[in-house]
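[1] Next one to model:
(4 chains)
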Number of protein chains: 2
Amino acid sequence: MKYSSQRERILSVVRECSDHPTADVVYARLRPEMPNLSLGTVYRNLNRLSEIGEIRKIPLPEGGNRFDGHLNPHYHLICSQCGEVTDCPAGALEPLLTKVQADTGFALEVGQLILYGLCSGCQKKAKDKYSQHT
Amino acid sequence: MKYSSQRERILSVVRECSDHPTADVVYARLRPEMPNLSLGTVYRNLNRLSEIGEIRKIPLPEGGNRFDGHLNPHYHLICSQCGEVTDCPAGALEPLLTKVQADTGFALEVGQLILYGLCSGCQKKAKDKYSQHT
DNA sequence: TGAATAATAGTAATTATTACTAATTTTATA
DNA sequence: TATAAAATTAGTAATAATTACTATTATTCA
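    Modelled structure (predicted):
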(Lines give C-alpha, C1' and ligand atoms only; values in the text may rest on other atoms or scores of the structure.)
Protein backbone atom coordinates (compact mmCIF):
# COMPACT_ATOMS: atom_id res chain seq x y z
CA MET A 1 0.00 0.00 0.00
CA LYS A 2 1.41 3.30 -1.12
CA TYR A 3 1.41 6.41 1.00
CA SER A 4 -1.14 9.09 0.28
CA SER A 5 -1.70 12.37 2.07
CA GLN A 6 -5.46 11.88 1.77
CA ARG A 7 -5.32 8.56 3.61
CA GLU A 8 -3.06 10.02 6.29
CA ARG A 9 -5.49 12.86 7.00
CA ILE A 10 -8.51 10.54 6.91
CA LEU A 11 -6.88 8.30 9.48
CA SER A 12 -5.98 11.30 11.65
CA VAL A 13 -9.51 12.64 11.61
CA VAL A 14 -11.01 9.29 12.60
CA ARG A 15 -8.44 8.91 15.37
CA GLU A 16 -8.93 12.43 16.69
CA CYS A 17 -12.72 12.35 16.72
CA SER A 18 -14.34 10.35 19.46
CA ASP A 19 -17.79 10.66 17.90
CA HIS A 20 -17.63 7.67 15.52
CA PRO A 21 -17.99 9.71 12.32
CA THR A 22 -19.63 8.51 9.12
CA ALA A 23 -17.78 8.71 5.78
CA ASP A 24 -19.77 11.83 5.03
CA VAL A 25 -18.71 13.52 8.25
CA VAL A 26 -15.04 12.70 7.67
CA TYR A 27 -15.41 14.15 4.18
CA ALA A 28 -17.04 17.34 5.48
CA ARG A 29 -14.32 17.82 8.09
CA LEU A 30 -11.52 17.50 5.55
CA ARG A 31 -13.05 19.58 2.78
CA PRO A 32 -11.85 22.96 4.16
CA GLU A 33 -8.21 21.90 4.09
CA MET A 34 -8.48 19.63 1.02
CA PRO A 35 -10.96 21.32 -1.30
CA ASN A 36 -10.82 18.71 -4.03
CA LEU A 37 -10.89 15.64 -1.86
CA SER A 38 -13.32 13.13 -3.33
CA LEU A 39 -16.01 11.34 -1.31
CA GLY A 40 -15.10 8.11 -3.07
CA THR A 41 -11.55 8.46 -1.74
CA VAL A 42 -12.92 8.77 1.78
CA TYR A 43 -15.01 5.62 1.39
CA ARG A 44 -12.19 3.67 -0.22
CA ASN A 45 -9.73 4.59 2.49
CA LEU A 46 -12.07 4.07 5.42
CA ASN A 47 -12.74 0.59 4.10
CA ARG A 48 -9.10 -0.21 3.52
CA LEU A 49 -8.11 1.14 6.91
CA SER A 50 -10.72 -1.02 8.58
CA GLU A 51 -9.66 -4.05 6.53
CA ILE A 52 -6.08 -3.75 7.75
CA GLY A 53 -7.31 -3.13 11.28
CA GLU A 54 -6.20 0.49 11.67
CA ILE A 55 -9.76 1.56 12.43
CA ARG A 56 -13.10 -0.18 13.03
CA LYS A 57 -16.30 -0.15 11.03
CA ILE A 58 -19.53 0.05 13.02
CA PRO A 59 -22.66 -0.95 11.09
CA LEU A 60 -25.80 0.83 12.26
CA PRO A 61 -29.14 -0.95 12.52
CA GLU A 62 -30.84 1.78 10.50
CA GLY A 63 -28.28 1.46 7.74
CA GLY A 64 -25.00 3.22 7.09
CA ASN A 65 -21.67 2.78 8.79
CA ARG A 66 -19.67 4.73 11.31
CA PHE A 67 -15.96 4.49 11.99
CA ASP A 68 -13.90 4.29 15.14
CA GLY A 69 -10.21 5.10 15.42
CA HIS A 70 -9.80 3.78 18.96
CA LEU A 71 -8.47 0.26 19.01
CA ASN A 72 -8.41 -0.48 22.72
CA PRO A 73 -10.69 -3.48 23.34
CA HIS A 74 -14.15 -2.06 23.73
CA TYR A 75 -17.63 -2.71 22.45
CA HIS A 76 -20.38 -0.42 21.23
CA LEU A 77 -23.83 0.29 22.57
CA ILE A 78 -26.15 1.75 19.97
CA CYS A 79 -29.40 3.36 21.03
CA SER A 80 -32.27 2.21 18.81
CA GLN A 81 -34.06 5.47 19.47
CA CYS A 82 -31.54 8.28 19.15
CA GLY A 83 -28.78 6.41 17.32
CA GLU A 84 -26.09 7.46 19.77
CA VAL A 85 -23.04 5.22 19.82
CA THR A 86 -21.39 4.76 23.21
CA ASP A 87 -18.06 3.08 23.95
CA CYS A 88 -17.70 0.54 26.75
CA PRO A 89 -14.54 -1.20 27.90
CA ALA A 90 -14.54 -4.86 26.91
CA GLY A 91 -12.99 -6.13 30.14
CA ALA A 92 -16.15 -7.41 31.75
CA LEU A 93 -17.15 -9.26 28.60
CA GLU A 94 -14.08 -11.44 28.12
CA PRO A 95 -15.47 -14.45 30.03
CA LEU A 96 -18.69 -14.23 28.07
CA LEU A 97 -16.91 -14.14 24.73
CA THR A 98 -14.90 -17.19 25.72
CA LYS A 99 -18.12 -18.97 26.57
CA VAL A 100 -19.84 -18.11 23.30
CA GLN A 101 -16.76 -19.27 21.47
CA ALA A 102 -16.73 -22.57 23.35
CA ASP A 103 -20.48 -23.11 22.84
CA THR A 104 -20.70 -22.22 19.18
CA GLY A 105 -17.24 -22.48 17.64
CA PHE A 106 -17.71 -18.92 16.46
CA ALA A 107 -14.57 -16.73 16.65
CA LEU A 108 -15.91 -13.43 17.91
CA GLU A 109 -14.37 -10.12 16.97
CA VAL A 110 -14.49 -7.98 20.10
CA GLY A 111 -14.28 -4.86 18.01
CA GLN A 112 -17.42 -5.94 16.24
CA LEU A 113 -19.45 -6.63 19.35
CA ILE A 114 -22.39 -4.32 18.98
CA LEU A 115 -25.31 -4.23 21.35
CA TYR A 116 -28.56 -2.54 20.50
CA GLY A 117 -30.97 -1.15 23.06
CA LEU A 118 -32.28 2.04 24.60
CA CYS A 119 -29.87 4.50 26.19
CA SER A 120 -30.83 5.80 29.62
CA GLY A 121 -31.86 9.16 28.16
CA CYS A 122 -34.34 7.59 25.77
CA GLN A 123 -35.62 5.24 28.44
CA LYS A 124 -36.41 8.27 30.59
CA LYS A 125 -38.10 10.07 27.71
CA ALA A 126 -40.22 7.00 26.94
CA LYS A 127 -41.22 6.73 30.59
CA ASP A 128 -42.13 10.43 30.78
CA LYS A 129 -44.29 10.10 27.71
CA TYR A 130 -46.31 7.31 29.26
CA SER A 131 -46.75 9.04 32.62
CA GLN A 132 -48.49 11.95 30.87
CA HIS A 133 -51.46 9.65 30.39
CA THR A 134 -51.70 8.47 34.01
CA MET B 1 -54.06 -1.86 11.66
CA LYS B 2 -56.29 -3.32 9.01
CA TYR B 3 -56.01 -6.87 7.79
CA SER B 4 -54.41 -7.56 4.44
CA SER B 5 -53.81 -10.88 2.73
CA GLN B 6 -50.39 -9.67 1.62
CA ARG B 7 -49.30 -9.00 5.17
CA GLU B 8 -50.65 -12.34 6.35
CA ARG B 9 -48.64 -14.22 3.72
CA ILE B 10 -45.52 -12.15 4.34
CA LEU B 11 -45.69 -12.96 8.04
CA SER B 12 -46.24 -16.67 7.29
CA VAL B 13 -43.25 -16.84 4.99
CA VAL B 14 -40.96 -15.20 7.53
CA ARG B 15 -42.24 -17.53 10.26
CA GLU B 16 -41.91 -20.65 8.14
CA CYS B 17 -38.41 -19.95 6.87
CA SER B 18 -35.60 -20.46 9.31
CA ASP B 19 -33.05 -18.87 7.01
CA HIS B 20 -33.55 -15.22 8.01
CA PRO B 21 -34.72 -14.01 4.60
CA THR B 22 -34.18 -10.53 3.17
CA ALA B 23 -37.11 -8.49 1.83
CA ASP B 24 -36.07 -9.55 -1.64
CA VAL B 25 -36.17 -13.24 -0.77
CA VAL B 26 -39.62 -12.94 0.83
CA TYR B 27 -40.78 -11.16 -2.32
CA ALA B 28 -39.35 -13.87 -4.59
CA ARG B 29 -40.98 -16.63 -2.55
CA LEU B 30 -44.41 -15.01 -2.72
CA ARG B 31 -44.36 -13.98 -6.36
CA PRO B 32 -45.53 -17.39 -7.72
CA GLU B 33 -48.73 -17.30 -5.65
CA MET B 34 -49.19 -13.49 -5.74
CA PRO B 35 -48.02 -12.39 -9.17
CA ASN B 36 -48.68 -8.72 -8.67
CA LEU B 37 -47.34 -8.36 -5.17
CA SER B 38 -45.21 -5.25 -4.93
CA LEU B 39 -41.73 -5.14 -3.43
CA GLY B 40 -42.66 -1.93 -1.63
CA THR B 41 -45.48 -3.79 0.09
CA VAL B 42 -43.02 -6.40 1.31
CA TYR B 43 -40.70 -3.74 2.73
CA ARG B 44 -43.53 -1.79 4.34
CA ASN B 45 -44.97 -4.85 6.01
CA LEU B 46 -41.69 -6.30 7.17
CA ASN B 47 -40.95 -3.00 8.84
CA ARG B 48 -44.37 -2.71 10.42
CA LEU B 49 -44.28 -6.30 11.63
CA SER B 50 -40.91 -5.73 13.24
CA GLU B 51 -42.10 -2.47 14.80
CA ILE B 52 -44.99 -4.22 16.51
CA GLY B 53 -42.71 -7.07 17.54
CA GLU B 54 -44.20 -9.83 15.41
CA ILE B 55 -40.84 -10.43 13.75
CA ARG B 56 -37.28 -9.19 14.21
CA LYS B 57 -35.07 -7.12 11.95
CA ILE B 58 -31.42 -8.15 11.73
CA PRO B 59 -29.07 -5.52 10.33
CA LEU B 60 -26.09 -6.96 8.51
CA PRO B 61 -22.62 -5.44 8.80
CA GLU B 62 -22.24 -5.33 5.03
CA GLY B 63 -25.54 -3.50 4.64
CA GLY B 64 -29.08 -4.71 4.13
CA ASN B 65 -31.44 -6.30 6.59
CA ARG B 66 -32.71 -9.79 7.21
CA PHE B 67 -35.82 -10.83 9.08
CA ASP B 68 -36.52 -13.47 11.69
CA GLY B 69 -39.95 -14.85 12.55
CA HIS B 70 -38.82 -16.77 15.62
CA LEU B 71 -39.42 -14.84 18.79
CA ASN B 72 -37.99 -17.20 21.39
CA PRO B 73 -35.13 -15.43 23.19
CA HIS B 74 -32.07 -15.97 21.08
CA TYR B 75 -29.27 -13.95 19.61
CA HIS B 76 -27.58 -13.96 16.23
CA LEU B 77 -24.07 -14.80 15.17
CA ILE B 78 -23.13 -13.31 11.83
CA CYS B 79 -20.07 -14.55 9.98
CA SER B 80 -18.04 -11.62 8.66
CA GLN B 81 -16.75 -13.82 5.86
CA CYS B 82 -19.70 -15.74 4.44
CA GLY B 83 -22.53 -13.68 5.93
CA GLU B 84 -24.28 -16.71 7.39
CA VAL B 85 -26.64 -15.92 10.23
CA THR B 86 -26.83 -18.52 13.00
CA ASP B 87 -29.29 -18.65 15.89
CA CYS B 88 -28.13 -19.24 19.44
CA PRO B 89 -30.29 -19.61 22.54
CA ALA B 90 -30.05 -16.56 24.77
CA GLY B 91 -29.67 -18.57 27.99
CA ALA B 92 -25.90 -18.38 28.12
CA LEU B 93 -25.94 -14.64 27.69
CA GLU B 94 -28.33 -13.64 30.45
CA PRO B 95 -25.52 -12.84 32.94
CA LEU B 96 -23.91 -10.62 30.32
CA LEU B 97 -27.09 -8.72 29.63
CA THR B 98 -27.62 -8.12 33.33
CA LYS B 99 -24.06 -6.93 33.75
CA VAL B 100 -24.07 -4.58 30.77
CA GLN B 101 -27.38 -3.17 31.96
CA ALA B 102 -26.05 -2.61 35.47
CA ASP B 103 -22.78 -1.06 34.24
CA THR B 104 -24.18 1.24 31.60
CA GLY B 105 -27.89 1.79 32.26
CA PHE B 106 -28.48 0.64 28.71
CA ALA B 107 -31.66 -1.43 28.20
CA LEU B 108 -30.55 -4.17 25.84
CA GLU B 109 -32.90 -5.72 23.34
CA VAL B 110 -32.10 -9.41 23.35
CA GLY B 111 -33.55 -9.77 19.88
CA GLN B 112 -31.06 -7.18 18.71
CA LEU B 113 -28.01 -8.78 20.26
CA ILE B 114 -25.84 -9.44 17.28
CA LEU B 115 -22.33 -10.80 17.44
CA TYR B 116 -19.96 -10.64 14.52
CA GLY B 117 -17.11 -13.03 13.96
CA LEU B 118 -15.93 -15.95 11.86
CA CYS B 119 -18.04 -19.11 11.68
CA SER B 120 -16.20 -22.39 12.16
CA GLY B 121 -16.38 -23.15 8.43
CA CYS B 122 -14.67 -19.92 7.47
CA GLN B 123 -12.11 -20.32 10.26
CA LYS B 124 -11.20 -23.68 8.79
CA LYS B 125 -11.00 -22.28 5.25
CA ALA B 126 -8.78 -19.43 6.44
CA LYS B 127 -6.50 -21.90 8.24
CA ASP B 128 -6.29 -24.18 5.17
CA LYS B 129 -5.36 -21.23 3.02
CA TYR B 130 -2.44 -20.36 5.25
CA SER B 131 -1.19 -23.93 5.56
CA GLN B 132 -0.74 -24.08 1.76
CA HIS B 133 2.21 -21.75 2.18
CA THR B 134 3.93 -23.73 4.96
C1' DT C 1 15.42 10.46 -13.23
C1' DG C 2 11.94 7.75 -14.99
C1' DA C 3 9.23 3.67 -15.62
C1' DA C 4 5.90 0.90 -13.07
C1' DT C 5 2.38 0.97 -10.01
C1' DA C 6 -0.97 2.68 -6.89
C1' DA C 7 -4.10 6.32 -5.65
C1' DT C 8 -6.99 10.11 -6.73
C1' DA C 9 -10.88 13.22 -8.56
C1' DG C 10 -14.88 13.38 -10.74
C1' DT C 11 -18.60 11.21 -12.60
C1' DA C 12 -21.74 7.46 -13.51
C1' DA C 13 -23.82 3.38 -11.82
C1' DT C 14 -25.66 0.26 -8.32
C1' DT C 15 -28.30 -1.44 -4.40
C1' DA C 16 -31.40 -1.37 -0.81
C1' DT C 17 -34.95 1.16 0.52
C1' DT C 18 -38.51 4.75 0.83
C1' DA C 19 -41.94 8.13 -1.12
C1' DC C 20 -45.82 9.10 -3.93
C1' DT C 21 -50.37 8.49 -5.98
C1' DA C 22 -54.31 6.58 -8.00
C1' DA C 23 -56.88 2.45 -7.47
C1' DT C 24 -58.35 -1.30 -4.47
C1' DT C 25 -59.53 -3.57 -0.14
C1' DT C 26 -61.07 -3.70 4.43
C1' DT C 27 -64.10 -2.41 8.07
C1' DA C 28 -67.64 -0.30 10.70
C1' DT C 29 -72.10 1.29 10.38
C1' DA C 30 -76.60 2.54 8.56
C1' DT D 1 -76.35 -5.76 2.54
C1' DA D 2 -74.90 -1.26 0.84
C1' DT D 3 -71.78 2.29 1.51
C1' DA D 4 -68.69 5.73 3.18
C1' DA D 5 -64.22 6.38 5.52
C1' DA D 6 -59.80 4.87 6.16
C1' DA D 7 -56.05 1.86 5.39
C1' DT D 8 -53.49 -0.74 2.04
C1' DT D 9 -51.81 -1.83 -2.29
C1' DA D 10 -49.33 -1.82 -7.01
C1' DG D 11 -46.52 0.47 -9.74
C1' DT D 12 -43.42 3.88 -10.48
C1' DA D 13 -40.24 7.50 -9.26
C1' DA D 14 -37.00 9.12 -5.98
C1' DT D 15 -33.43 8.82 -2.41
C1' DA D 16 -29.26 7.60 0.17
C1' DA D 17 -25.23 5.27 0.88
C1' DT D 18 -21.89 3.21 -1.48
C1' DT D 19 -19.17 1.31 -5.31
C1' DA D 20 -17.35 1.20 -10.13
C1' DC D 21 -14.99 3.39 -13.86
C1' DT D 22 -11.46 6.07 -16.15
C1' DA D 23 -8.28 9.47 -17.19
C1' DT D 24 -4.95 11.93 -14.53
C1' DT D 25 -1.72 12.51 -10.73
C1' DA D 26 1.33 10.97 -6.99
C1' DT D 27 4.50 7.67 -4.99
C1' DT D 28 8.16 4.44 -5.08
C1' DC D 29 12.31 2.22 -6.00
C1' DA D 30 15.78 0.73 -9.26
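[2] distance of A:Glu109 from A:Pro32?
    A:Glu109 sits 35 Å away from A:Pro32 when distances are taken as CB to CB, to the nearest Å. Every residue, glycine included, has its C-beta placed from N, CA and C.
[3] Between the two, tell me which one has more neighbours.
    Using other CB atoms under 10 Å in any protein chain shown as the criterion, A:Glu109 and A:Pro32 rank with A:Glu109 on top: 15 against 8.
[4] next one: phi and psi at the more buried one?
    The phi/psi pair for A:Glu109 (degrees, to the nearest 10) reads phi -100, psi 110.
[5] what's the burial count for the closest residue to it other than its chain neighbours?
    If the residues on either side of it in the chain are set aside, A:Glu109 comes closest to B:Gly117, at 5.1 Å by CB to CB, 6 or more residues apart in numbering or on different chains. If you count neighbours by other CB under 10 Å, B:Gly117 ends up with 23.
[6] mind listing the helices for chain A?
    Listed in chain order, the helices of chain A (DSSP state H) span A:5-16, A:23-30, A:39-51, A:94-104, A:120-131.
[7] Could you export those as JSON lines, including distance to DNA strand C and mean pLDDT?
    JSON lines is the format used below for those (distance: least, CB to the nearest atom of the strand, whole Å; pLDDT from 0 to 100):
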{"stretch": "helix A:5-16", "distance to DNA strand C": "4", "mean pLDDT": "98"}
{"stretch": "helix A:23-30", "distance to DNA strand C": "9", "mean pLDDT": "96"}
{"stretch": "helix A:39-51", "distance to DNA strand C": "3", "mean pLDDT": "96"}
{"stretch": "helix A:94-104", "distance to DNA strand C": "25", "mean pLDDT": "79"}
{"stretch": "helix A:120-131", "distance to DNA strand C": "19", "mean pLDDT": "71"}
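[8] Now render the ones you listed as a markdown table, adding mean neighbour count and distance to chain B.
    A markdown table is the format used below for the helices of chain A (neighbours: other CB atoms under 10 Å in any protein chain shown; distance: least, CB to the nearest CB, whole Å):
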| stretch | mean neighbour count | distance to chain B |
| --- | --- | --- |
| helix A:5-16 | 17 | 18 |
| helix A:23-30 | 18 | 13 |
| helix A:39-51 | 17 | 11 |
| helix A:94-104 | 15 | 4 |
| helix A:120-131 | 12 | 4 |
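[9] I'd say A:Ile78 and A:Tyr116 touch.
    Yes - applying CB atoms under 8 Å as the test, A:Ile78 and A:Tyr116 come out as touching, 5.3 Å apart.
[10] re earlier: looking at the helices of chain A, spot the one closest to B:Ser50.
    helix A:120-131 (17.9 Å; CB to CB).
[11] Could you pull up phi and psi at the residue of chain A found nearest DNA strand D?
    Here the residue of chain A nearest DNA strand D is A:Tyr3; by CB to the nearest atom of the strand that distance is 3.2 Å. In terms of degrees, to the nearest 10, the main-chain angles of A:Tyr3 are phi -70, psi 140.
[12] Give me the neighbour count for it.
    If you count neighbours by other CB under 10 Å, A:Tyr3 ends up with 7.
[13] what residues are up against A:Leu108?
    A:Leu97, A:Val100, A:Gln101, B:Leu115, B:Tyr116, B:Gly117 (CB atoms under 8 Å, 6 or more residues apart in numbering or on different chains).
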